[in-house]
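Enquirer: when you get a sec, could you give me coordinates for this:
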Amino acid sequence: MRVVNIGGPITLGVIGAILYFALTNVIEGVDTQMIGLILMVAAVLWLVLGLVANRPRTAVTSERTHVEGTGGAAGGKSVEREVRRDEV
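Expert: Down below sits the predicted model:
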């Protein structure tokens, strides 16, 4: 089972939100709102990519076999087999 670490994206998003919403003109010549917006977008991308990359992946193979019996039209049996493999 894989664990998704969401602490980094949340921290980056909080720092970006502080720069975007709370601080204005703290450093002369630096647009803190643009930096905050960039950090928030980066946090969302990081979180989404982390969740997609760590989703559970399984492969399912189904196989059906029908064997005709010698006892007439009602004779015969079906065999089903399903195999699941977790890809790590």
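
Enquirer: from now on I want contacts and neighbour counts done on CA atoms only, so please keep to that.
Expert: Fine.

Enquirer: low-confidence regions, this protein specifically.
Expert: Scanning the chain for pLDDT under 70 picks out the ranges 1-4, 57, 59-60, 66-79, 82, 84-88.

Enquirer: which residue ranges of it form helices?
Expert: For the chain, helices defined by DSSP state H occupy the ranges 7-17, 32-53.

Enquirer: export those to JSON lines and tack on mean neighbour count and distance to R81?
Expert: Output for the helices of the chain, formatted as JSON lines (neighbours: other Cα atoms under 10 Å; distance: least, Cα to Cα, whole Å):
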{"stretch": "helix 7-17", "mean neighbour count": "17", "distance to R81": "42"}
{"stretch": "helix 32-53", "mean neighbour count": "17", "distance to R81": "30"}
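
Enquirer: closest one to T65 among these?
Expert: Nearest of the helices of the chain to T65, taken as Cα to Cα: helix 32-53 at 35.9 Å.

Enquirer: run the angle between the closest one and helix 7-17 for me.
Expert: If you take axes from the mean of the first three to the mean of the last three Cα atoms, to 10 degrees, helix 32-53 sits at 160 degrees to helix 7-17.

Enquirer: please export the C-alpha coordinates of helix 32-53 as PDB.
Expert: The C-alpha trace of helix 32-53 is given here as PDB (Å, rounded to 0.1, in the frame of the first residue of the first chain):
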ATOM      1  CA  THR A  32       4.400  39.200  -3.800                       C
ATOM      2  CA  GLN A  33       0.900  38.500  -5.100                       C
ATOM      3  CA  MET A  34       2.300  37.000  -8.300                       C
ATOM      4  CA  ILE A  35       4.800  34.800  -6.300                       C
ATOM      5  CA  GLY A  36       1.900  33.700  -4.000                       C
ATOM      6  CA  LEU A  37      -0.300  32.800  -7.000                       C
ATOM      7  CA  ILE A  38       2.600  30.800  -8.600                       C
ATOM      8  CA  LEU A  39       3.200  28.900  -5.300                       C
ATOM      9  CA  MET A  40      -0.500  28.100  -5.000                       C
ATOM     10  CA  VAL A  41      -0.700  26.800  -8.500                       C
ATOM     11  CA  ALA A  42       2.500  24.700  -8.000                       C
ATOM     12  CA  ALA A  43       1.000  23.300  -4.800                       C
ATOM     13  CA  VAL A  44      -2.200  22.200  -6.600                       C
ATOM     14  CA  LEU A  45      -0.200  20.600  -9.400                       C
ATOM     15  CA  TRP A  46       2.100  18.800  -6.900                       C
ATOM     16  CA  LEU A  47      -0.900  17.400  -5.000                       C
ATOM     17  CA  VAL A  48      -2.700  16.200  -8.100                       C
ATOM     18  CA  LEU A  49       0.400  14.600  -9.600                       C
ATOM     19  CA  GLY A  50       1.200  13.000  -6.200                       C
ATOM     20  CA  LEU A  51      -2.300  11.500  -6.000                       C
ATOM     21  CA  VAL A  52      -2.200  10.300  -9.600                       C
ATOM     22  CA  ALA A  53       1.200   8.800  -9.300                       C
END
